[in-house]
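*Asks:* Just need the structure, nothing else, for what follows:
(chains A, B and C, ligands or ions: 2)
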Amino acid sequence: MTALLETGGLSAFYGDFQALFGIDLSLEPGDCMAIIGANGAGKTTLMRAIAGTVVRRTGQVSLSQRDIGGLAADQVAALGVAMVPEGRKLFPSLNVEENLLIGATVAQKGPWALAGIYDLFPVLREKRHAPATSLSGGQQQMVAIGRALMGNPRLLLCDEISLGLAPIVIKDIYAALPKIRAAGASVIVVEQDIGQALKVADHVHCMMEGRITLSGRPADLARDAIHDAYFGTVSAGTGHAVH
Amino acid sequence: MQGYVKTATRASRPFVLLLALVVIALALAPLWASRNTLQDLFFILTMLSLAQFWNLLAGYGGLVSIGQQAFVGLGAYAMFGAVILLGIGPIQAILLGGIAALALAIPTAFFAFRLQGAYFAVGTWVVAEVVRLCVSMWQAVGGGSGTSLPRDARDGLIGLDQIMALFSVRGAEARDIILYWLALCVTVATVLGLYAFLRTRSGLALSAVRDNIAAARSVGVRAEGMRWRVFLIAAFGTGIIGALIFLQNGRISPDAAFSVTDWTAFVFFIVIIGGIGTIEGPIIGVLVLFALQSAFAQFGAWYLVMLGLLAIGVTLFAPKGLWGLISARTGLSLFPVRRRLILSDPSEDKP
Amino acid sequence: MLFIDTLVQGVLLGGLYALFAAGLSLVFGIMRLVNLAHGDLIVLAAYLMLLVVTVLGVSPFVALLICAPAMFALGWVLQRFVLNRVLGEDVLPPLLVTFGLSVVIQNSLLETASADSRRLPAGDLVNASLPLGPVNVGVMPLATFLSAVAVIMALQWIFFRTALGRRFRAVSDDPVTAGLMGIRPKSIFALATGIAMIVVTIAALYLGIRSNFDPAIGPARLIYAFEAVIIGGLGSIWGTLAGGIIIGVAQTFGAAVNPEWQILSGHLVFILVLLLRPRGLFPRAYD
Ligand SMILES: Nc1ncnc2c1ncn2[C@@H]1O[C@H](COP(=O)(O)OP(=O)(O)O)[C@@H](O)[C@H]1O
Ligand SMILES: [Mg+2]
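*Replies:* Numbers count the residues shown, from 1 in each chain, chains lettered A, B, ... in the order given. Ligands and ions are numbered 1, 2, ... in the order given. Predicted structure coming up:
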C-alpha cells in the first residue's frame, strides 16, 4: 500500500530560526498517528509545514505520492488535507453554522455535511446561530473539528485538541475520533497528553527540539523511553524508528 | 531577551573627509556658482532637509504622516505674519516659524497619536487641511489669495550690505547668497543632528524598531515618549525650512504653502526612491529628483506620473530604495547608524 | 424652519459622502488596506463615464452600466497585481503605493483631460425638486441619498447573507486560518476591491451629475470618505452611512453660519468625534 502522507527531510524556518530538522514520517491510509512532545518541540510547526502555512520549508512533503511541498495552504486544503489548528482559530465574525460552512469551501465528495456534523456533536445544532466565540471551550473545539470535517478531508490534522479542556470534555471530543476514522479520514493528532495519545494512535512519534526522538507502536514503547524522549533526559537517537 | 549590537563602520572614515570637503565646497558656492545654480542648490538643500525630517518620522519613527505640509505652511505663514504684523526681521522670524510649527505639533500629536497606522496618516492630513482653511481666512496675510513680503523687509536682511560689498553684487543676488547659506547651515545641522540623534540610546532603539518587530515590542514601553520626541523635532525642523523656502520665494499663498504635491509628494518620492530609513537614501533621492526634474520638467504633469510610477516600482521591487541596492552590493554604510540589535531569542511570534 | 431645512440638506449631502466612503469601508474592513487613491479613482470613474456619455451619446445612468464592469476589472487587476504585494504587518508600503497611484491618476487625467471643470449631463433632473413635508428637497440629492442607502444595504446583504460574504468575513478575521479552509485570501481581496470599484462608479455618477469635477478634486473626496469611515467605526458599513451624515450635517450647518466654514466645520467635527471616541461610533467588538 502506498503511503497517504510522506515527509522526507522536512525542515522549517521562522526567519533565521530553524524549528524543524529533517523530519521523516509516513502515514498509511486509514491510520491514526500521534505526535507527542513538550511545549516548543515543533509539533505545531510540523503541522503547519504539512498544511503549507509555514513560509519557508525545505525537504519533501507528498500526499499520495504527489509533491505538495511547494503548495500554498489553500492548494493543500483543496487536495483534502484539513487542519484543526491549535487554539481552534474560529472566525469570530461568523456564527457556528457559518464557521462550519466555511470549512466546506473546497469540499471533496464524502460523508460529511452539516447534518452529519450536528449528529456527531448534537450540542452544535442548538447553538448553530450563536457567534462561534460565545461557546464554551469544548464546544468551540467541536466547531473547529466539524469545520475541518466539512471539507471531507482524506487527512485530518488535529493540533492539541485537548488543550485547556476538562477531562470529561476531552473524553467527549475523543469519542468522535473513531467515527471520523470510520468515515474514511486518516488522522494525525498532536498531543502533549501522552496517555491520550497512546490510547488513540496506531503509531506514536515523540518530538524534541525540532527532531523526532522516538517512534513506535504504543504497545511497543516503554513508559521510560517515552519519558526520556519527551523530556530529553537521554540523547536523541536512542529511539528506534519503526515503519 | 538578550542581544548584542553590531555596528557597521566600513567606509565611514574616508567619508567624513569627503563630507567635509563637500560642505566646504558648498559653502564657497557663491564664489563658483551662478545665481541659477545657487537657486538650484537652495532647492536641493531645502528639499533634502524636508526629506530627512519625513524620513525620521516615517522611516525611523513609523509615523507615516501625509500632513507635513501643515508645518511647512504654518512655519512660512508665521514668518510672514511676524514680519508683516510685528515688524520682526525675516531671519529672526524664521525661528518663529519653527516655534509656530512646534506649537501646532503638540495638539496635532495629542490628536493623531490616538490613531493607529493608516488612520494616523489621514489624521495628520485632516489637521493640515484645517490649518490651511484657517490660514485662508486670515486676512492680515492676504486670506485665500496670499501676500508678498514687504520690500523693506526683504531689503533689510541682516548682512545684506556686507554681502553686496564683498561679492560686488546687487541686492537680489546678495539675498540669494544669504538664504543659500542659511539653507546650507540648516541642512548640515539637520543631517548631522539626525545622525547624532540616531546614535544615541533612544536613536538606536528607533533603528531597532524599524529593523525588527520583536524588538519593537520589547521597547514598546518607551515608544510613546519616542514618538512624541520624533514628531516634535520633525515639526520644528519642517517649520524652519518652510519659513526659509517662502522667505526665498518672497510670496506666499495658502495653496502654495500647504501644497500636498510640493511638500509631501516630492518629499515622499525623494525618501522612497533614495531609500527609507537611512540617512544616505534621501541624499541620493534628492539628487535623482533634481536630475529627473531638470531632464523632464518640460513634460509637465507626465513628469509627475513618471515619478509616481517610479515610486510604486521601487516600493514593490526595491523597498530599500537606490541606497539599499547600493549598500547591498557594496556593504557600504556612510552614516553607520544602522547598528542592529541582534536578538538571540527568536520566540516572538512573527507574521 | 431654516434649522430643519439645513438638517435635511445635511443628511442628504451625507448620502453622497457615504457613497464616497462605502467602497473604502469595504476594502478597509476586509484587508485593513488604506487606499489613498480612492478619491482619484472616483474622479477617474467620473471621467470614464463622461467619455462614454460623449462618445456613445447615452445618458450617464446608462454609462454607469457600461463603466461599472470596467471599473470592477480595474479594481481586480490593481489588487491582484499591485496592492496584494504590499499587504502585511507594515502599514508603510500600502500607503506609499496608493499615494503614488494617486499622483499618477491625478496627473494622467490632467494631461489627457485637461484641468477644465467638467460635468455629467443629466438634463432637467439636476434642478428638479420635490416638496417633502415642510422642506423642498432636490431630486438629485434625494436620489443620491437613496442610492447610498441601497448600496449599503446591498453590501450588507453580500457581507452577511452570501457565501462570498462569509469568505470576506473569514479572511478579514484571520487570513491564515482562512487559507487552511481552502480560501485564497488574495483572490478574495481582488474581488473585494472589484466590488468597491463598482461602488466607486456609482459615487462618481452622482459626483459628476451634481457638481463640476476636475482632475484635482480626488483628495478632498478621499478625506470626506475617510472621515465617514473612521467616524462610523472600522468595518461597520451602516456606521459609514452614519459617519457620512455627520460630516454632511456638520458641513451644511457650518456653511449656514458662514460659507467659508463649510469644509472646516466638517473636519472639526471629525476631530471632535475622534477625540471622544478614538475607534469611531460603532466599532467592532473584537479586532
Ligand atoms: N511564528 C513563529 N515565529 C517564530 N518562532 C516560532 C513561531 N512559532 C513557533 N516558533 C518557535 O518554533 C519552535 C517550535 O514551536 P511549535 O512548533 O509551536 O512547538 P509546539 O507546537 O511543539 O509547542 C519554538 O521554539 C517556537 O518558539
Ligand atoms: Mg503547538
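
*Asks:* The stretch 101-250 of chain C: helices as residue ranges?
*Replies:* Using DSSP state H, counting those that start in this stretch, the helices assigned to the stretch 101-250 of chain C run over residues C:139-161, C:163-173, C:175-180, C:185-210, C:218-232, C:237-257.

*Asks:* By neighbour count, which bits of the shortest one are buried? Give me those.
*Replies:* Using 16 or more other C-beta atoms under 10 Å in any protein chain shown as the burial criterion, the residues of helix C:175-180 that qualify are C:175, C:177-180. The C-beta positions use only the backbone N, C-alpha and C, and glycine is treated the same way.

*Asks:* do the same with the longest one
*Replies:* Burial within helix C:185-210, assessed by neighbour count using 16+ other C-beta under 10 Å, is assigned to C:185-210.

*Asks:* Around ligand 2, which positions in chain A sit nearby?
*Replies:* Listed as neighbours of ligand 2 in chain A under the rule C-beta under 5 Å from the ion: A:44, A:86.

*Asks:* Give the residue spans of chain A that score low on pLDDT.
*Replies:* Applying pLDDT under 70 to chain A flags the ranges A:1, A:233-243.

*Asks:* the strands in it, which residues?
*Replies:* A:5-14, A:17-27, A:32-37, A:56-63, A:66-67, A:81-84, A:155-159, A:186-191, A:203-208, A:211-216 (DSSP state E).

*Asks:* Specify the angle between the third one and strand A:186-191 in degrees.
*Replies:* Which is strand A:32-37. Interaxial angle, strand A:32-37 versus strand A:186-191 (axes from the mean of the first three to the mean of the last three C-alpha atoms, to 10 degrees): 20 degrees.

*Asks:* ok, and what's touching strand A:32-37?
*Replies:* For strand A:32-37, contacts defined as C-beta atoms under 8 Å, 6 or more residues apart in numbering or on different chains pick out A:25, A:27, A:43, A:46, A:177, A:181, A:186-192, A:194, A:197-198, A:200-208, A:226, A:230.

*Asks:* For that strand, C-alpha coordinates in PDB please.
*Replies:* What follows is strand A:32-37, C-alpha atoms only, in PDB (Å, rounded to 0.1, in the frame of the first residue of the first chain):
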ATOM      1  CA  CYS A  32      -4.000   7.400  13.100                       C
ATOM      2  CA  MET A  33      -0.700   8.800  14.100                       C
ATOM      3  CA  ALA A  34       0.100  10.700  17.300                       C
ATOM      4  CA  ILE A  35       2.800  13.300  17.600                       C
ATOM      5  CA  ILE A  36       3.800  14.000  21.200                       C
ATOM      6  CA  GLY A  37       6.300  16.300  22.700                       C
END
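
*Asks:* Can you list the strands that it pairs with?
*Replies:* strand A:186-191 (parallel), strand A:203-208 (parallel) (DSSP bridges).

*Asks:* Columns mean neighbour count on top of those strands, output as TSV?
*Replies:* Shown next, in TSV, are these (neighbours: other C-beta atoms under 10 Å in any protein chain shown):
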stretch	mean neighbour count
strand A:186-191	24
strand A:203-208	24
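
*Asks:* Relative to B:D255, which of these is closest?
*Replies:* Nearest of the strands paired with strand A:32-37 to B:D255, taken as C-beta to C-beta: strand A:186-191 at 63.0 Å.

*Asks:* pull the CA atoms of the helix or strand containing C:V273 into PDB?
*Replies:* In the assignment (DSSP states H and E), C:V273 maps to helix C:262-276. Output of helix C:262-276 as PDB, limited to C-alpha atoms (Å, rounded to 0.1, in the frame of the first residue of the first chain):
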ATOM      1  CA  GLN C 262     -18.400  74.600   5.400                       C
ATOM      2  CA  ILE C 263     -15.400  72.300   4.900                       C
ATOM      3  CA  LEU C 264     -13.700  73.400   8.100                       C
ATOM      4  CA  SER C 265     -16.600  72.500  10.300                       C
ATOM      5  CA  GLY C 266     -16.800  69.000   8.800                       C
ATOM      6  CA  HIS C 267     -13.100  68.500   9.700                       C
ATOM      7  CA  LEU C 268     -13.600  69.900  13.200                       C
ATOM      8  CA  VAL C 269     -16.500  67.600  14.000                       C
ATOM      9  CA  PHE C 270     -14.400  64.700  12.700                       C
ATOM     10  CA  ILE C 271     -11.500  65.700  15.100                       C
ATOM     11  CA  LEU C 272     -14.000  66.100  17.900                       C
ATOM     12  CA  VAL C 273     -15.600  62.700  17.400                       C
ATOM     13  CA  LEU C 274     -12.200  61.000  17.300                       C
ATOM     14  CA  LEU C 275     -11.100  62.800  20.500                       C
ATOM     15  CA  LEU C 276     -14.200  61.400  22.300                       C
END
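
*Asks:* helix, strand or coil for the nearest residue to B:I276 once chain neighbours are set aside?
*Replies:* Distances taken as C-beta to C-beta, 6 or more residues apart in numbering or on different chains put B:G59 closest to B:I276, at 4.1 Å, once the chain neighbours are dropped. Here B:G59 is recorded as helix under DSSP: H, G, I helix; E, B strand; the rest coil.

*Asks:* Now do B:G59, the pLDDT please.
*Replies:* With respect to pLDDT, B:G59 has a value of 87.

*Asks:* where do the strands sit along chain B?
*Replies:* B:3-6, B:147-148, B:251-252, B:340-343.

*Asks:* Give me the packing partners of the second one, helices and strands only.
*Replies:* If I follow you right, that is strand B:147-148. In terms of contacts (3 or more C-beta pairs under 8 Å, 6 or more residues apart in numbering or on different chains; DSSP states H and E), strand B:147-148 is packed against strand B:251-252.
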